[in-house]
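**Student:** Model the following, please.
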Amino acid sequence: MFSTPCKVSALIRPLNTLRLARNQSTLVLVEHNNEKLNPVTLNAITAARALGGEVNCLVAGTSCGGVAKEVSSVEGISKVLVAEDAAFEGFMPEKLTPLLLASQDQFKFTHIIAGASAFSRGLLPRVAAQLDVSPISDIIGIKDSETFVRTIYAGNAIMTLKSMD
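**Tutor:** Numbering: from 1, shown residues only. The predicted structure is shown next:
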């Protein structure tokens, strides 16, 4: 599925909102250091493209214009949302959660994806709790928009999971 082994974390919107959505669309949370894109984001973009539909990226930071330009040059990106504010210094989940919720409220994404990292493990469960959906972590494959392959038991077993959210 992917050219290199990677893991992705995702939030899945409830199925009843999938039926009401105009098109399937995915928000990829861009991980960076305000200067350079973290390669795990490219894995997340690849996973988002496998889901189909529009792929949109959210770049949040203190001075992340260069990162936004870098992301916009990646093939398959429909839209890049940029949020620059001093409050995003340190990329604290407490500060970024309201931003993701506002983006979700405005654009009604069917999926929210971030690369598997400490950054996403701190942020996505908070967002999932607010959206009342279950986060799915450590995804290594995508079968369709509801069915994912992920590792379990510290990577010693592989499970196929169908999301009912």
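**Student:** the helices in this structure, which residues?
**Tutor:** Assigned helices in the chain, in chain order: 15-20, 40-51, 65-72, 93-107, 118-131 (criterion: DSSP state H).
**Student:** Mean neighbour count, mean pLDDT and distance to residue 28 for those helices - can I get that in CSV?
**Tutor:** Any C-beta I mention is one placed from the backbone N, CA and C, and that applies to glycine too. Shown next, in CSV, are the helices of the chain (neighbours: other Cβ atoms under 10 Å; pLDDT from 0 to 100; distance: least, Cβ to Cβ, whole Å):
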stretch, mean neighbour count, mean pLDDT, distance to residue 28
helix 15-20, 11, 43, 18
helix 40-51, 22, 95, 5
helix 65-72, 17, 96, 9
helix 93-107, 16, 96, 11
helix 118-131, 18, 95, 11
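**Student:** Please report the distance of the closest residue to residue 161 other than its chain neighbours from residue 88.
**Tutor:** Leaving aside its sequence neighbours, residue 161 sits nearest to residue 148 (Cβ to Cβ, 6 or more residues apart in numbering; 5.2 Å). For residue 148, the distance to residue 88 equals 29 Å [Cβ to Cβ, to the nearest Å].
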